[in-house]
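Colleague: Turn this into a structure:
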Amino acid sequence: MSDRYITFRSFAVMIKSLRMGWHLSSVVPITIQRVCRFAGPGVDRGPRHSQHGYSRTKQIQARSQAATGMLRCNISCRFVATWIAVCAAWLAPFATAQDAAPRPETPVRVDQRPAPQEPADKASENTAVEAGNGAVFESDLPEISFAQVLDSFGVVRRWVDHGGVPDLDGTPLPQAWIASVILRNSSGIIGQHTAIARSPDDSALTVRRAATKAITRAVNRVQGPPDALRRARILESLAGARLSIEISTARPAPVADGISAAQLDSWLRPGLEGMLLRLDGFARARTPAVMLSAGVPASTALVSLVAELAEDPTVALTPFDQLVDSGYELSFFRVQHAAQARPDSPPLLLHRGGGVVAPVRTAELADLAGRISAHIRGRAWPGVERLGLRGDLDPVTGIFAKGGAPPFGQALAAEALLRYASAPGGDPTEATRARVAAETILAALAVVEGDERAPWGDAVTASACLNALAIVDRAAIESSGELRGLRERCVPMVAGAFDTKAGFDPMIPAAARGVVARALLNLAKFEPWNRESHLVRAESAIRQAYRESTDSQLLSLMPDLAWADIALARATGIDPPSAAALRALRSRVIDLQLGKDDLVEADRDLAGGFVLDVAGSPLPTWQSARAAALLATMLGEPSLTRGSLASGEIAPELLNLSRSLRFIKQLTADERAAHMYADPGLGIGGVRVSLWDQEMPLSASALGLIAVTESLESFDSITTRTRPAAGGP
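Modeller: Predicted structure coming up:
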């Protein structure tokens with residue numbers, strides 16, 4: 001486990017935790033946590049606990065013992081401890097990394113009981129775990145090096161290629177408390193097993209047992225009829241399978257007291273930590289890779305673990321605190337993870353199922369944009385129907401959402417492709433392909449088939465269509481009956497979305513007002529004879545959107561509202577009236593960006609993301625692309641970012657934008673992340689919901705591409721700015 005460090009940015013959070021009665025164990029020294037954890041009456045303070053007590057990072061409201069299960073003296077102790085941590089933070093810059101105390105692991109004890117035998121009729125299941133018995137995790141096993149992980153991978157790969165695991169032959173394998181082996185092909189997982197050591201002496205066989213059952217299940221899956229070609233068919237199928245292994249040598253540590261099942265999703269590090277559930281000597285586990293592949297949060301995985309361990313699905317409906325009282329013990333663990341991107345490729349050492357990408361260089365942005373653009377184009381509807389693009393993709397299974405993508409997402413994707421086609425630094429051939437694909441998508445939107453929704457059926461979708469059409473060459477629109485038809489149907493719907501006296505149509509969500517405001521402004525392009533009237537109405541809509549949005553709501557209108565305001569200012573020859581509001585918003589957004597000093601080593605792949613708390617997620621998701629697109633636009637606008645590369649505001653804002661682009665690149669699936677995808681070629685280049693949720697919404701890839709192309713535009717713009725004269729501002 002990685003060390004934890006205090007940063008000055010954490011002060012506000014720590015003060016808030018004091019004011020609200022919350023406890024943040026990540027900011028309290030481990031030595032103080034041990035006192036707080038076992039300070040209450042009736043708590044076992046035996047020698048083992050006094051050495052290894054542990055509290056996990058999570059904001060837990062401690063207003064009463066009923067709410068958290070924490071004793072009053074614990075609350076008081078932790079209140080004081082947090083203040084001690086605040087004071088200690090001032091000394092943190094003078095401390096060295098060697099002085100930081102590592103997070104200890106609490107030993108776990110499982111009572112003795114013989115391991116149950118797996119029923120014969122379950123031998124072909126793809127996902128299963130082995131019961132552990134008599135496992136007394138008194139100490140960590142010898143730490144394994146990266147080289148040992150790769151050597152173990154090579155051993156298991158040879159077993160896979162030979163179609164089975166040989167009898168004990170002295171093959172050296174590392175000891176492991178928990179090991180998991182997964183075999184995949186284009187149809188998904190064909191064999192998987194997670195083994196749990198029965199005892200310290202038995203830990204040397206954990207990897208072997210996991211491999212044996214995973215390969216057996218894969219053979220049962222691919223063997224086919226018992227004919228003369230059976231053996232050759234099995235070996236050919238296994239040779240085409242991709243292998244993934246996970247090995248855990250550290251003791252599983254108990255989940256912190258007071259953590260409910262609902263809180264587990266934000267308490268456990270998703271994609272990095274697995275869960276071990278024990279009851280009366282039996283155990284079940286979910287490793288990080290298994291949870292990533294299934295796309296389930298910790299709370300959902302816990303339900304399935306309880307159902308398996310109890311052998312009764314109804315028990316999983318019992319509140320978790322009652323399960324704990326009845327003897328269930330939940331722990332978490334970390335693993336070393338290695339996997340193949342292709343059956344014939346060498347193994348890759350993975351972090352959260354992928355890799356930690358380096359800071360993005362400007363020269364790499366065009367390549368990143370090209371990969372996202374190619375992914376969007378690859379979602380074209382494969383049938384004869386004019387459905388445009390396919391919907392949300394689950395790359396693990398290779399399955400798209402039923403039917404075509406919603407028209408709003410398709411219009412946004414078309415706009416993203418058109419922006420990419422005109423961005424500087426791109427490949428001309430790829431730019432042409434993107435432009436053709438965008439016009440094809442918009443033409444398909446003009447044709448409504450079956451139960452498909454008409455894009456002009458609501459003002460928001462119609463606005464998204466007009467915003468994309470505004471970038472299309474006018475000659476291309478006039479020469480296409482479908483593009484003209486789409487424009488003519490969307491214009492009246494957008495025109496009726498806002499009235500200078502009545503304001504926005506009440507059916508328009510507040511978060512969509514930026515999209516509509518842009519479309520109102522674009523009406524001036526489509527109806528130049530009524531240009532002044534459209535500009536007046538667009539300005540009124542923009543001002544109302546700003547005026548009626550709170551600080552917390554304003555970001556949800558971005559970047560569209562900022563684009564509308566900047567475009568209106570350019571059309572009228574003035575600076576954006578909302579310049580001060582946008583600059584203030586940028587400052588608030590930057591304060592929500594995670595930097596290296598805000599993260600422990602294990603979470604370094606989150607650097608550059610924004611903690612927007614969208615849809616209940618306290619960690620960065622694809623919505624960070626919205627903030628990145630806003631920063632990119634503001635960087636290239638002289639009225640919002642003053643100066644030049646040599647002086648002024650550009651250098652620090654460029655650094656902030658570069659950090660956010662690194663996170664977008666991290667979210668964009670590459671070869672490492674694609675090791676778990678049914679069709680790696682289909683998923684590579686797609687922007688994922690988060691680093692632990694592999695689903696790829698069309699809007700996520702579209703907004704990610706827009707953020708990158710806006711950055712390319714702004715980088716090109718700031719390089720042409722004239723340097724200020726000597727002595728100038």
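Colleague: Mind splitting this protein into its structural domains?
Modeller: The record's domain parsing of the chain by automatic domain parsing lists 8-99, 108-350, 362-719.
Colleague: does L682 really touch R390, like I thought?
Modeller: No - applying C-beta atoms under 8 Å as the test, L682 and R390 come out as separate, 10.1 Å apart. C-beta: built from backbone N, CA, C; applies to glycine.
Colleague: wait, which of the domains of the chain is closest to V356?
Modeller: Closest to V356 of the domains of the chain, according to C-beta to C-beta: domain 362-719, at 4.6 Å.
Colleague: where does S552 sit relative to A524, distance-wise?
Modeller: To A524, S552 is 31 Å away according to C-beta to C-beta, to the nearest Å.
Colleague: out of those two, which sits in the more crowded spot?
Modeller: A524 (21 against 10; other C-beta atoms under 10 Å).
Colleague: so which strand or helix has the more buried one?
Modeller: helix 513-526 (DSSP states H and E).
Colleague: helices and strands around that helix, which ones?
Modeller: With contacts taken as 3 or more C-beta pairs under 8 Å, 6 or more residues apart in numbering; DSSP states H and E, helix 513-526 sits against helix 459-469, helix 481-495, strand 498-499, helix 531-547, helix 560-572.
Colleague: just the ones you listed: most buried one?
Modeller: Each of these was scored by mean neighbour count; the highest is helix 459-469, a mean of 27, by mean count of other C-beta atoms under 10 Å.
Colleague: Check which residues of the helix holding A524 are buried.
Modeller: Buried residues in helix 513-526, defined by neighbour count with 16 or more other C-beta atoms under 10 Å: 513-524, 526.
Colleague: So what touches that helix?
Modeller: For helix 513-526, the surrounding residues in contact (C-beta atoms under 8 Å, 6 or more residues apart in numbering) are 459-460, 462-464, 466-467, 469-470, 487, 490-491, 494-495, 497-498, 504, 508, 530-531, 534-535, 537-538, 541-542, 544-545, 549, 557-564, 567-568, 571.
Colleague: re the thing from before, between the helices and strands packed on helix 513-526, which one is nearest to A228?
Modeller: A228 sits nearest to helix 481-495 of all the helices and strands packed on helix 513-526, at 56.7 Å, using C-beta to C-beta.
Colleague: And the contacts of that closest one?
Modeller: Outside helix 481-495, the residues within contact range by C-beta under 8 Å, 6+ apart are 439, 442-447, 454-456, 458-459, 462-463, 465-466, 469, 472, 476-478, 516, 519-520, 523, 526-527.
Colleague: thinking again about what came up before, any idea how far the helix holding A524 is from the chain center?
Modeller: Counting by C-alpha atoms, centre = their mean, to the nearest Å, helix 513-526 is centred 32 Å from the centre of its parent chain.
Colleague: Ok, stretch 593-602 next?
Modeller: Using C-alpha atoms, centre = their mean, the mean C-alpha position of stretch 593-602 is found 16 Å from that of the whole chain.
Colleague: Then stretch 473-487?
Modeller: Mean-position distance between stretch 473-487 and its chain equals 38 Å (C-alpha atoms, centre = their mean).
Colleague: just stretch 573-582 next, same as before
Modeller: With C-alpha atoms, centre = their mean as the basis, stretch 573-582 stands 34 Å off its chain's centre.
Colleague: coming back round to it: pLDDT on the helix holding A524, on average?
Modeller: The predicted model assigns helix 513-526 a mean pLDDT of 96.
Colleague: and what of stretch 480-494?
Modeller: Looking at stretch 480-494 alone, the average pLDDT works out to 96.
Colleague: try stretch 420-439
Modeller: pLDDT averaged over stretch 420-439 equals 95, rounded to a whole number.
Colleague: Ok, stretch 632-643 next?
Modeller: 92.
Colleague: and what of stretch 349-369?
Modeller: When pLDDT is averaged over stretch 349-369, the result is 92.
Colleague: Quick check: buried residues in it?
Modeller: Residues L350, R352, G353, G354, G355, V357, V360, L365, A366, L368, A369 are the ones in stretch 349-369 that count as buried (16+ other C-beta under 10 Å).
Colleague: Next step: these restricted to helices.
Modeller: Judged by DSSP state H, the subset of those located in helices is L365, A366, L368, A369.
Colleague: Among those, which one sits closest to G636?
Modeller: Nearest to G636 among these: L365, at 13.6 Å, using C-beta to C-beta.
Colleague: So the closest one versus S711, what's the distance?
Modeller: For L365, the distance to S711 - C-beta to C-beta - is 6 Å.
Colleague: G353 contacts L292, correct?
Modeller: Yes - between G353 and L292 a contact is recorded at 4.5 Å, counting by C-beta under 8 Å.
Colleague: Now do the shared contacts for those two.
Modeller: The contact lists of G353 and L292 share G271, M676, W692, where a contact means C-beta under 8 Å, 6+ apart.
Colleague: which one of those is nearest R198?
Modeller: Out of the shared contacts of G353 and L292, the member with the shortest distance to R198 (by C-beta to C-beta) is G271, at 27.7 Å.
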